[in-house]
Each structure stands twice: as C-alpha cells, then as structure tokens.
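Colleague: Sequence and predicted structure below; questions after.
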Amino acid sequence: MKYGYFDDTKREYVITRPDTPAPWANYLGSPEYGALISNNAGGYSFAKSGANGRILRYIFNQFDQPGRYMYIRDNKTQDYWSASWQPVGKDLEAYKSECHHGTAYTKMLADYSGIHSEALYYVPLDQTYEVWNLRLTNQSAEDRELTVTGYAEFTNNNNYEQDQINLQYSQFITRTEFHENRIRHVIHGNLDWAKEGEEVDDELVIDRFFALTGATVDSYCGDREEFLGRYHGYNNPQGVEKGQLSGEMCYNQNGCGALSTVIRLKPNETKDIAFLVGMKGNKEAKEIIVKYENTTQQCEKELNELITYWHGRLSHFQVQTPSAEFNTMINTWNAYNCFITFIWSRAASFFYCGLRNGYGYRDTVQDIQGIIHLAPEMALEKIRFMLSAQVDNGGGLPLVKFNHNAGHEDTPEDASYVKETGHPEYRADDALWLFPTVYKYLAESGNMEFLDEVIPFANKDEGTVYEHLKRAIDFSMNRLGVHGMPAGLYADWNDCLRLGKNGESAFVALQFYYAMDIIKRCAEYKKDTQYGIYLDEKKNMLGKIINECCWNEDRFIRGYTQTGEIIGCKTDPEANMWLNPQSWAVISGLASEEQADTALDTVYQRLNTEYGAILMDPPYYKHAFEGALAVIYNAGSKENAGIFSQSQGWIILAEALRGHGDRAFTYFMENAPAAQNEKADIRKLEPYCYGQFTEGKDSPHFGRSHVHWLTGTASTIMVGCVEGILGMRPDFSGLCISPSIPKEWDTFTAKKEFRGKHLHIQVYNHNQKESGCVELLVNGEAMKGNYIPFEKMTENTDIVLTIS
Ligand code: NOJ
C-alpha cells in the first residue's frame, strides 16, 4: 500500500492519502525556533530548548494531537472541516487532500464542498516564530461565507515536564489576553510588575502570541476548555460548531489561542490569511505582525527564501543513476535527513520528547560526516565544537551540554559531571569517531591548515587539531585490555553491550586500527616522521592482536568480557554472529581480502533479510552474559537482533570497498525508505526519512520501523552511498573515483562541488561490471588509475570514468 509519491523536481514528498500508518512528520525552523509538523498538522514548537522552551503542546505516543489547526466553516450549511484532514476527519470520499512535505515547509492542499484550501506552514529563514498561511479559493458557483478559525494550544509552562505532570502548579500560572489581532498568552502574569527579564523566585514573565493577519478578528477565545467544550474534542470544538467564539480568556487551567474571521468569497475568488505563533512580548509581536500586512506577498517571498536556501544546500552534490530510489534519497531526502540530524541532533521528534540536555559525543561527531560533501564550512564549525569537548586526556565527554563551556568543563572523573549528566564513565569509542570525520573534512575542503588550528580541551589546556587527534590515540593506548586491544570502558557504539571496564571490544579495536591509519596520513603531511614510525609499530602490533584474538573461522568476534569470555564466538548458543565487526574489519583495512570476503559472505548468509542485515544473531534470550543489556528488548528489536539502520551504512560501505556493487546496492535498497514507499503499511514510518531500527525476523512485526528522523543512520548511509557505491573518495591531494555499482547500471552522472570547482562526472559501465576503471579522462586528458590530482581540476571539470 502506498500513501504518496516523491516529487523530485520540487524536492517534496506528496502524501495523497492522509490516513497514513503513523504521523508522517517534517521539520520546520531550527532548534532556535523549532517546529515539528505531521501530515495531519499534529506537532509542537519550542524556542531554544525542547525541554525548557516548549510553546505548543503535543501529547506524545497518542493520537497525533493537538496541532496547528485551521477550521473552515460554511456559515450557510454550518458544515465545517479542517485545512488538514484531521482533526475534523471528514469522509475521504468527499474530502480530497494532499500534504506536500518540502525542505523546511509543509503545504496541505484540501478540496471539500467547493472550497480549495492551501495551508502552508513554515518558520521564516533565520526567524524565531512560525507562520501558518491559509489560502482559500471558492471553486463553487455560489458566493460563500466561511468562518475560519485558527487554534494553537499553548503549554502552561515552558518546561515540558511541568506542563504535562505538575498540573497543581502549572495550571495556575497561565492566562491570556486579547489585543486587537492577537491573543497574548502570559505565564507568571502575576509578576508583570517586575522589570523585563527580572526573575522573581527564579521565575520570569513569559509571553507568547497567536495572531491573525490578512483579515480582521471577528471573534476569539483564549481558554482551551471554553473553546473545545466539555465532551467535545479537537474534531468538534464548540467554538467552531457555533461559528462564533465566546471571547472567554484563560485565567488558570489551560490557555490557547483561538481566532476566528469571516471570509466572503465570490466564485473563483481567492483570499490569503496567516496565523503567527511565537514566544515574544507585545512589542516584538506587533513588529512581526506588521510585516504580514500584505500576507500573500510576504508569505510567498519567505517560502521562496526557504526553498532557495535549502535547495542551494542540497545542490552541491547531485547524482543521476538508473535508480529513482537512490537518486531521491541521495539528492534530497537522505541529504535533508543528514542536515536535520546535524542541526537538531537528538533534540526533538515524535520519539525524542525534547528532554535531552546535550549532544551525545559519538552521535554528533558521526552526524557531521553526512553533510561534509554538501557544506564543509558548516561541518567545520561543529568539528571545532566537538574537539573542544574532548578532555585533555584525549577522551570525548559522553554528553556535551548545550551550554558547553570549553576549557572549564568537569569530566567523567568528577562526581559533579556524573551527577549532572548521568554518564558515569568514558565510553571506549567516542573520540575515535573524530578520525573519519576530521579526515573527511580535510580531504573534502583541502583546508589542511585546520590541522594547526588551536582549540581548547573541554576541561583545561588547548592544543592544535593534530594534537587533539594524537591525544585521542593516547586515550585508547593508555587504556588497553589484557590482550592489548582498547578496553571496553563503559560501552562502545553499542549502548547495550557492557563488556566491562577491562573487557575488550573488537569493534573499538578496529576503529582504533583505522584511526591510526588516518593519523598516519596526517603525520606524513606534517612530516612528523618519529610519530609515523611509532604509529606503524603500534598499528602492526594491534593488527596482529586482532587477527589472533578476534578472527574466528569465518567471522570476527565481537569482543571479550572483563572475565575473559568471548562474545560472538561461532559456537555460542546466542549472539554468535555480529554485523559491525565484519563491516569494520573491511572499513578499517584490517581484514585480508580473503577474510573480508569470507566475513561479508557470512553476514549475507546469516544476517541479511529483506529489510536489511540484523545486528546479531540469534537474539539474546537465555544466554545473555551480565553486560548483554540487549536482552531487555524483545527479540528482533533494537540492539537485540533488530535491523539497526545505522549499521546498514557500514555494510554498504564495506561491500563497496570490496568492489561488490551488487551487494552494496542490495543492502541500500533493502533498508532505503524510498524503496519501501509501496510497503508503507509494513514499514509504517515515513518513506522519506530513516528510522533508528527496523524490527528483525524474530519479531512478529518483521519490517516495521521506528524512531524516525534523528538517527545516525542518515550519515552512515550517506557515506556508504557517496564514498562507497558512487566511489567519491577525496584525499588530501585530490579525488579518487571508485564506484561499486550494480552490474545493470550502464551509466551514471554526478555533479560535485569540490573546493570551489564544479565537477561534472560521467561514469560508463558498458560491460556490466560491478567496479573497476579502464579509463579516466579529466578534461580529455587520461589519468593514471582512478585518481584525479587537484591541480588537474579546472573551474568546470569534465570527468569521464569508464568502469568497463
Ligand atoms: C542509539 C544511540 O544514540 C547511539 O549512540 C548508539 O550508538 C546506538 N543507539 C547503538 O546502541
């Protein structure tokens, strides 16, 4: 069953059936002023903090309500509906609608009883309020009189938990007022004698507004219970039913903004109005409202600005392959998903309720990788920030607070940090993610001076970027387990695998091996010969250890517990085969060709399913060791043999690095949202964004996916596809192009912005191979192998690579 389609020209996903299997969401604005909106207008908003800046209320894990509702009532027939299908939910035989989720805007079109409506929702570029622009057209043959009512449900407290839980308090600090064209919602209005910004008993007066522009307010209501009416719901508010709002304001209980206007339309006539929401005082609210006097023009201008901005961002890498699913993901939706994870981290979604109070180190450093090829300058800023959250011992702070104060932070060694963040220890992998991320940035941008930039450490001191990377090596080197591999510490990438402080993780060992390879390249660039020699010695030693201790016939094991038990051994009754050590053995360059192909074959045979490869097999049930926290999950879910989507990116990359284009593409397609557009009833999640995991074969809901949007999957798949399948691999001096594509692709093209040059790349595969290069021409000149030194690139560079 499908519910919509991709409009690649407009970079929109168009939902043609509003009764989707789950709320299908989009992101508006940024965490400065952030808004989530579903295809039925459900969702919430916040300023600065999902936890402490919540403005519009949303009830999680329920019926996708409340939302940004605009009701339309025909005053002659007294029939009413909403500009989004829900909440009124008219019969879909009579109510036709489309929801266009675009890049930072959502537009809902509806046709009902001869009235065509277009509801456009967005946060203007760089602004901190939201706009709901409603355009109504009378497509009937008669004059029509419509009462339009906008409804915004305010939280009673900026703090999400206080609003939801502490009702005996939060319901008695809230009130609303009406002023000419808007409802003013005030929290702690009783403190309005205090100077602006002055706290009384740690509390501030907080102002929100809900305004109407483009028409005059004919009636209004600021009290939720009064607007809805007892035993009514969002589908039939009494204020809408009557066609006239009562004028009641809120003093205690629940505030809302409800504004009605009567609109008269002749046949074919169109009118625009807009509702505005923000957390602003009277003066600022008025200034904002004035800008929308010419509603149509202003909203069109702002929408165009958003489109220009976002489409510009995405345009830096565009590809045309024979696969429509691949194109739409790489050109628009996976890329947009990468920007969303990069900007929003794990701040707010319909599953992350906004209470995370910082950035996870590994997640954030990984997220950066997804946008480096599109916006290296944005990546740079975040890399600096994450380096400044590295402790002087080289480890990463497990949680980097939103108000991170580089040079002055406590660390997991301090009880205060543990108390504040809940993270009791360093994790073994955090700082190791810096290596691929910093390397990708240097190679993409060519900004090698960055290695010499001085950046503070989180707690004290400072060092160049190169020094930061060296300290990250020291961190692992100073914490080796009994076999000589990095110690497990609190956990590695897998939150549910506690090998013990002195256990050893094969995954981290492989990451460490890879890290040494990367820093060796930096050492060579810096002509740091002594350090290079040191690295060679240590890396060889580690390689030997991994081979001796972790290779197990046809697979790499997952690690050792602190008591010496092997995890992921072929003969174990449960969890005897793990995905990540196999992909990372290839990515890191540790595996020999034979090991690599054997391990990848074992993955394909043992772990692959029609929705992607499961994280391990069989799931834990009766044989979990003490640190195998995955056993707490139902079999086939999350880390307990779920299809952990993030890991799909690594298996795509690993197969591609081995030149196995068919397999790499198979893994892409199995888990790609766009490839499941027609299986929406199984996948449930939006077909245009990734989720954290898909239920594996051990679940009765095999194929159902969860935890939309904010997942490291976005970046790992992007890297797997761009560096792996498409083979775009910059290094310090140029670009290697090494595609690994399905045999049946006879050609593909790519446009890539690279260090200020426009690359026009055409790849031919006349003889149905998966990888290889028989010829590479750069502006007509033949290159050696598949490598283009940067100095061969001109402002517009034509590149033709023939695989076969
Ligand atoms: C989700 C976490 O955000 C991420 O940091 C972790 O690596 C994965 N779960 C796997 O456990």
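Modeller: Perfect, thanks for sending it.
Colleague: if I look at P742, how far off is I455?
Modeller: 42 Å (CB to CB, to the nearest Å). The C-beta positions use only the backbone N, C-alpha and C, and glycine is treated the same way.
Colleague: What of D597?
Modeller: For D597, the distance to I455 - CB to CB - is 41 Å.
Colleague: Check V603 too.
Modeller: 38 Å.
Colleague: Settle it for me: which of the two has more neighbours?
Modeller: For V603 versus I455, the count of surrounding residues by other CB atoms under 10 Å is larger for V603: 27 against 20.
Colleague: Now do the more buried one, the pLDDT please.
Modeller: Note for V603: predicted pLDDT of 98.
Colleague: Wait, it touches W650, no?
Modeller: No: at 10.5 Å, V603 does not count as touching W650 under the criterion of CB atoms under 8 Å.
Colleague: Between the two, which contacts overlap?
Modeller: Common contact partners of V603 and W650 (CB atoms under 8 Å, 6 or more residues apart in numbering): L579, S583.
Colleague: so who does P376 touch?
Modeller: Y441, E444, S445, N447.
Colleague: So which bits of this structure are right by the ligand?
Modeller: Within the chain, the positions adjacent to the ligand are G360, R362, D363, W493, N494, D495, C496, E639 by CB under 6 Å from any ligand atom.
Colleague: 5 Å instead, please
Modeller: Residues of the chain lying close to the ligand by CB under 5 Å from any ligand atom are D363, W493, N494, D495.
Colleague: burial of the last one, as a residue count?
Modeller: Pointing back at D495 there. Neighbours of D495 (other CB under 10 Å): 15.
Colleague: Next one: it relative to A348, how far apart?
Modeller: 20 Å.
Colleague: swap in the second one?
Modeller: Taking CB to CB as the criterion, W493 is separated from A348 by 23 Å.
Colleague: Those two: which is more packed in?
Modeller: When W493 and A348 are compared for neighbours, A348 comes out ahead with 29 against 25, by other CB under 10 Å.
Colleague: what's the domain layout of the protein?
Modeller: 4-312, 316-723, 733-802 (the TED database).
Colleague: Identify the residue spatially nearest to the residue in the chain that the ligand sits nearest to, adjacent ones excluded.
Modeller: Sorted by distance to the ligand under CB to the nearest ligand atom, the residues of the chain start with D495, at 3.7 Å. Counting by CB to CB, 6 or more residues apart in numbering, D495 lies nearest to E639, which is 7.0 Å off, once chain neighbours are set aside.
Colleague: For the one you found, give me its contacts.
Modeller: Counting by CB under 8 Å, 6+ apart, E639 has contacts N494, D495, C496, L497, L615, L629, A630, Y633.
Colleague: Report the separation between the spatially closest residue to D452 that is not a sequence neighbour and G396.
Modeller: Leaving aside its sequence neighbours, D452 sits nearest to T464 (CB to CB, 6+ apart; 5.1 Å). Here the criterion is CB to CB. By it, T464 lies 17 Å from G396.
Colleague: Can I get the buried part of the contacts of E639 as one PyMOL selection?
Modeller: Selection command for PyMOL covering only the buried members of those, criterion 16 or more other CB atoms under 10 Å:
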select buried, resi 494+496+497+615+629+630+633
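Colleague: sorry, back to before: comparing the domains of the chain, which comes out most buried?
Modeller: Neighbour counts (mean count of other CB atoms under 10 Å) averaged over each of the domains of the chain peak at domain 316-723, with a mean of 21.
Colleague: who's in contact with I37?
Modeller: With CB under 8 Å, 6+ apart, I37 has these contacts: A25, N26, L28, G43, G67, R68, T106, Y121.
Colleague: what's across from the last one in the sheet?
Modeller: Applying DSSP bridges to Y121 yields these beta-bridge partners: T106, W132.
Colleague: Is my assumption valid that C721 occupies a position in a helix?
Modeller: Yes: counting by DSSP: H, G, I helix; E, B strand; the rest coil, C721 is found in a helix.
Colleague: ok, now how distant is the closest residue to it other than its chain neighbours from G724?
Modeller: Nearest residue to C721 in three dimensions, chain neighbours excluded: I330, at 5.6 Å (CB to CB, 6+ apart). Counting by CB to CB, the gap from I330 to G724 is 12 Å.
Colleague: for E449, same thing?
Modeller: 29 Å.
Colleague: Please apply the same query to C550.
Modeller: Counting by CB to CB, the gap from C550 to G724 is 23 Å.
Colleague: How about H179?
Modeller: 57 Å.
Colleague: same check, this time on S323
Modeller: 14 Å.
Colleague: Spell out the secondary structure type for the most centrally placed residue in the chain.
Modeller: Centroid check for the chain by CA atoms, centre = their mean gives T341 as the closest residue, at 2.9 Å. What three-state DSSP gives for T341 is helix.
Colleague: roughly how far apart are it and I587?
Modeller: 20 Å.
Colleague: do the same with K526
Modeller: Taken as CB to CB, the span from K526 to I587 is 24 Å.
Colleague: go on, T571?
Modeller: Counting by CB to CB - T571 and I587 are separated by 27 Å.
Colleague: who's in contact with the spatially most distant residue from the centre of the chain?
Modeller: For the chain, the residue at maximal distance from the C-alpha centroid (CA atoms, centre = their mean) is E142, at 46.9 Å. By CB under 8 Å, 6+ apart, the residues touching E142 are G114, P267.
Colleague: Now it: which helix or strand?
Modeller: Using DSSP states H and E, E142 sits within no helix or strand.
Colleague: same thing with the one 4 residues further on?
Modeller: L146 is part of strand 144-153, with elements assigned from DSSP H and E.
Colleague: tell me what the next helix or strand after that strand is packed against?
Modeller: Where DSSP H and E defines the elements, the next helix or strand beyond strand 144-153 is helix 160-165. Other elements packing on helix 160-165 under the criterion 3 or more CB pairs under 8 Å, 6 or more residues apart in numbering; DSSP states H and E are helix 167-170.
Colleague: in this structure, which ranges drop under the pLDDT threshold?
Modeller: Within the chain, not a single segment meets pLDDT under 70.
Colleague: please redo it, this time with the cut-off set to 90
Modeller: Residue ranges of the chain with pLDDT under 90: 31, 48-51, 194-204, 354-357, 402, 501.
Colleague: which helix is the longest one in it?
Modeller: helix 529-550 (DSSP state H).
Colleague: how about the contacts of E639 in TSV, adding secondary structure and distance to G150?
Modeller: Shown next, in TSV, are the contacts of E639 (DSSP: H, G, I helix; E, B strand; the rest coil; distance: CB to CB, whole Å):
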residue	secondary structure	distance to G150
N494	coil	46
D495	coil	42
C496	coil	45
L497	strand	49
L615	coil	46
L629	helix	47
A630	helix	47
Y633	coil	42
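Colleague: Do a quick rundown of the strands in the stretch 201-350 of the chain.
Modeller: Using DSSP state E, counting those that start in this stretch, the strands found in the stretch 201-350 of the chain span residues 206-213, 219-223, 255-265, 270-278, 317-320.
Colleague: I15: which of those is closest?
Modeller: Taking CB to CB, strand 270-278 is the member of the strands of the stretch 201-350 of the chain nearest to I15, at 22.0 Å.
Colleague: Please verify my assumption that P673 contacts C689.
Modeller: Yes: counting by CB under 8 Å, P673 does reach C689; the two are 6.0 Å apart.
Colleague: Touching both of those two, which residues are there?
Modeller: W333.
Colleague: beta partners for K752?
Modeller: Residues in beta-bridge contact with K752 (DSSP bridges): F317, L759.
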